[in-house]
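Peer 1: Return a 3D structure for these sequence lines:
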Amino acid sequence: MNQKITKPLPYKQLAVICICRFAEPICFTVIFPFIVQMVRDFKIADEKGVGYYVGLITSCFALAQLLTGIHWGMLSDRIGRRPVILQGLVGTISSILLFGLSKSFIWALLSRSLCGLLNGNIGVLKSMVSELTIDHLPHQRAQAFSLLPLMYGLGSIIGPMLGGFLSHPVTSYPGVFGDLGALTDFLTEYPYFLPCFISAFICILGLVFGIFHLQETHVVHHEKKHDSNEDEEEALLASQQQSNQSKDPHYSTFQTNSSTGTVKVQHSPTPTLHSPPTLRESLTPSVMAICIAYGFFALQAVFMDELFPLYTASSRENGGLGFSPNEIGIALSFAGVITLVGQLLVLPVLTKKYGLLRLFQMVLFICIFLYLSQGIIRTLYYVPDFHGETNTKFWVWVGLLVSLTVKTIGHTICFTGCTILVNNACPRVDALGAVNGFSQCCASAMRAIGPAICGAVWSLSLSSTVIPYQIRINITFVVLAAIGTITFVLSKRLDANDYETAHAREEVVHIKQDDQTSEEASSSRSH
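Peer 2: Alright, predicted model coming up:
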């Protein structure tokens, strides 16, 4: 019996993919510390209505991505992953620069939408990782897939720090930016351009690195590009050989082993199946089930992410914590650090102990109670600190960071788990782009409505004076917990047998193996 050899992961290409991925979350998260202040500067709503417009700006990115996510995924199935990734980086660079020039709500809305329209990279990057690791062991695939949220964690550390500390640079750092002539005037006119520009520059570095080092991983596209001439030559030789053999009256397309009498079918040494499956063929029931669960988790995650700047930036009189943009940036950067800890230390241990699907379900259950407890943080203003003083932020910071730690580790586990479960459920390797694109569209659909729902619920609940104050300031957290409950119920309907291993593995092995390996694999499956 042959012992299966463990192949090392392709770390070089995974590193290139990580660099391309790292740049994008910086551009995505850089706006969060200052988005509330930006909407205030637009002077289109009072303090209670700011949340509604903030929700629209953050929703439009996901709504635009919903419209194009499947398109980019299926396009990558046809033309390859590499060109789609590079184009997505160009789109991100252009849109974040335009967003930094926003002087009106419409401009901010359109530039944020442009980012979603021109970038479907996350789904395509997942397909690349899946293709690079399709022949590796399950724990190796988990390790490789965990790199994508790891890069998001790193980017989500840098992005909020840039947004929090570099917005309004002239007033924040007059000694540096206060006497630069035309540049000072420009940064005064566009106080949010500098963090967006730095984010775009980092993304440009990722684009340049991708141009020179990112390799194509799509098997069918790679074979089409490099083996087309060989296919033509082999077809001519096979045609000539078959013509000569057909003159023999005993010729047959089946070869018989004279010693055993067994019949052996001739196989083409080169795969002939190059057409990707249709979207309907790709979306099997198991794929649909995990994509729906993924979509609802994305809804609760983006709801929480949208609620955080609203909750922390709003005044205490309006049910918030009264934090400044700098403080919000520090808190979000802390969450980014916790993402790294959760990805590198917590996730591997818990996955090995409980299994990916069971761990996913456990975390969803815990999140329900985490969301309900968020309103308690504001009451920590009344707890005396070590000096016996109340109305200080000491215990508020403690409560907020503890909450962020649990939330961040939980969401990291769930996002990584969803990614692996979706790819494991994919029926064929040449359907990975479509399946990941569809899963991204499910998530984008929920991310499109999530911020708008959050902003509307927050604004309407605070404005509804007929509801007692202590109830209305907590309504948003109750709605979030209800969404978490739905997600948990959906996760309990998933069958572990459909998601244990990569179903597309056999398809790839079949394409790459020769006649003898095919026969051995068929024989082993029969036993």
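Peer 1: ok, and the closest non-adjacent residue to Ser373?
Peer 2: Excluding its sequence neighbours, the residue lying closest to Ser373 (CB to CB, 6 or more residues apart in numbering) is Ser403, at 7.3 Å. Yep, even glycine has a C-beta here, placed from its N, CA and C like the rest.
Peer 1: if I look at that neighbour, how far off is Gly336?
Peer 2: According to CB to CB, to the nearest Å, Ser403 and Gly336 sit 15 Å apart.
Peer 1: Which one of the two is surrounded by more residues?
Peer 2: Gly336 (21 against 17; other CB atoms under 10 Å).
Peer 1: wait, isn't the more buried one in contact with Ser156?
Peer 2: Yes. Between Gly336 and Ser156 there is a contact under CB atoms under 8 Å: 4.0 Å.
Peer 1: Go through stretch 179-192 and flag the buried ones.
Peer 2: The neighbour-count check on stretch 179-192 (16 or more other CB atoms under 10 Å) flags Thr184, Leu187, Pro191, Tyr192 as buried.
Peer 1: Let me see the mean pLDDT of it.
Peer 2: Over the span of stretch 179-192, the pLDDT mean works out to 94.
Peer 1: Then stretch 154-161?
Peer 2: Averaged across stretch 154-161, the pLDDT comes to 87.
Peer 1: How about stretch 34-42?
Peer 2: For stretch 34-42, the mean per-residue pLDDT is 92.
Peer 1: any idea how far it is from the chain center?
Peer 2: 26 Å (CA atoms, centre = their mean, to the nearest Å).
Peer 1: Can you name the helix or strand that the residue positioned nearest the centre of the chain falls in?
Peer 2: Per CA atoms, centre = their mean, the C-alpha nearest to the average position across the chain is that of Ile122, at 5.3 Å. According to DSSP states H and E, Ile122 maps onto helix 121-132.
Peer 1: quick one: contacts of that helix?
Peer 2: For helix 121-132, the surrounding residues in contact (CB atoms under 8 Å, 6 or more residues apart in numbering) are 9-10, 13-14, 17, 20-21, 24, 69, 72-73, 76, 81, 84-85, 88-89, 92, 141, 144-145, 147-148, 217-219, 419, 422-423, 426, 429, 432-433, 436-437, 439-440, 502, 504, 508.
Peer 1: If you count contacts, what does the following helix or strand past it end up packed against?
Peer 2: Downstream of helix 121-132, the first helix or strand assigned by DSSP H and E is helix 138-145. Judged by 3 or more CB pairs under 8 Å, 6 or more residues apart in numbering; DSSP states H and E, the packing partners of helix 138-145 are helix 121-132, helix 347-354, helix 394-425.
Peer 1: Any idea how far the last one is from the middle of the chain?
Peer 2: The reference is to helix 394-425. Using CA atoms, centre = their mean, the offset of helix 394-425 from its chain centre is 13 Å.
Peer 1: could you check the angle helix 394-425 makes with the helix or strand following that helix?
Peer 2: Going down the chain from helix 394-425, the next helix or strand is helix 432-463, by DSSP H and E. Angle of helix 432-463 versus helix 394-425, following axes from the mean of the first three to the mean of the last three CA atoms, to 10 degrees, is 150 degrees.
Peer 1: ok, the closest residue to Gly116 other than its chain neighbours - contacts?
Peer 2: Residue nearest to Gly116 in three dimensions, not counting chain neighbours: Ala64, with 3.0 Å by CB to CB, 6+ apart. By CB under 8 Å, 6+ apart, the contact list for Ala64 reads Ser113, Leu114, Cys115, Gly116, Leu117.
Peer 1: Just the buried residues from those residues, in ChimeraX please.
Peer 2: Here is the ChimeraX selection string for the buried members of the contacts of Ala64, based on 16+ other CB under 10 Å:
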select :113,114,115,116,117
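Peer 1: wait, which of the contacts of Ala64 is closest to Gly450?
Peer 2: Nearest to Gly450 out of the contacts of Ala64 is Gly116 (CB to CB; 13.8 Å).
Peer 1: The nearest residue to Thr392 once chain neighbours are set aside: how many residues sit nearby?
Peer 2: For Thr392, ignoring the flanking residues on the chain, the nearest one in space by CB to CB, 6+ apart is Asp385 at 5.0 Å. Neighbourhood size, Asp385 [other CB under 10 Å]: 15.
Peer 1: In three-state terms, label Leu75 for me.
Peer 2: Classification of Leu75 using DSSP: H, G, I helix; E, B strand; the rest coil returns helix.
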